[in-house]
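Peer 1: sharing a model that was predicted from the sequence below.
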Amino acid sequence: MSAILIWRPEAFNLKLIAAARPAAAEVAVAARVQAARASRRVAASVYMTGSTTNFLIGSASPLATLFERGVGPHEIKPRRAKVLAGALGHPVGEPVQHPGMAAKPFLRPSLALWPTLYRRAASVALRGF
């Protein structure tokens, strides 16, 4: 006597694929929370887009890269008006040395949460399967 087992994983795979979107949304929320520690403007620009299996979590703010990677010391030159506002608000007509800024990453630490968040979402999706 023999038995034939037919395995059709479509329903199982659909549940695993469906668990990816909520997990990616949680990663985006975590990135927003991390970014808010550095800049509310950057935090407000964090977004998530993508299809069922490919997601992009990023920021629309041009400041995001500066906060993510940091900025080295550099010179700021006056532009059109040939005048910069100093720290006390008085005009400065000469280039100013900016000391730079340490990195305050928010996307990379949030990405590290993906495996844990996906496992949790997948286990919820597979309950009762």
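Peer 2: Happy to help now that I have it. Residues are numbered from 1 along each chain as shown.
Peer 1: isn't Phe129 right up against Lys15?
Peer 2: Yes: with contact defined as C-beta atoms under 8 Å, Phe129 reaches Lys15; the gap is 6.3 Å. In this view, the C-beta of every residue, glycine as well, is placed from N, C-alpha and C.
Peer 1: the two: which is more packed in?
Peer 2: Lys15 (15 against 7; other C-beta atoms under 10 Å).
Peer 1: quick check: pLDDT value at the more buried one.
Peer 2: Lys15 is assigned a pLDDT of 92 by the prediction.
Peer 1: give me the low-pLDDT residue ranges for this structure?
Peer 2: 80-90 (pLDDT under 70).
Peer 1: how far off centre is the longest helix along it?
Peer 2: Scanning the chain for the longest helix, with DSSP state H as the assignment, gives helix 20-36. Distance of helix 20-36 from its chain centroid, counting by C-alpha atoms, centre = their mean, to the nearest Å, is 7 Å.
Peer 1: can you name the residues in contact with the helix or strand that comes right after that helix?
Peer 2: Of the helices and strands lying after helix 20-36 in sequence (DSSP states H and E), the nearest is helix 40-44. By C-beta atoms under 8 Å, 6 or more residues apart in numbering, the residues outside helix 40-44 that reach it are 32-33, 35-36, 59, 61, 63-64, 67, 106.
Peer 1: picking up where we left off before, what comes up buried for the longest helix of the chain?
Peer 2: Neighbour-count burial for helix 20-36, with 16 or more other C-beta atoms under 10 Å as criterion, is recorded at 20-24, 26-32, 34-35.
Peer 1: same question for stretch 37-44.
Peer 2: 38-39, 42-43.
Peer 1: which one of the residues you listed is nearest Arg120?
Peer 2: Ala43 (23.6 Å; C-beta to C-beta).
Peer 1: right, I'll leave it there.
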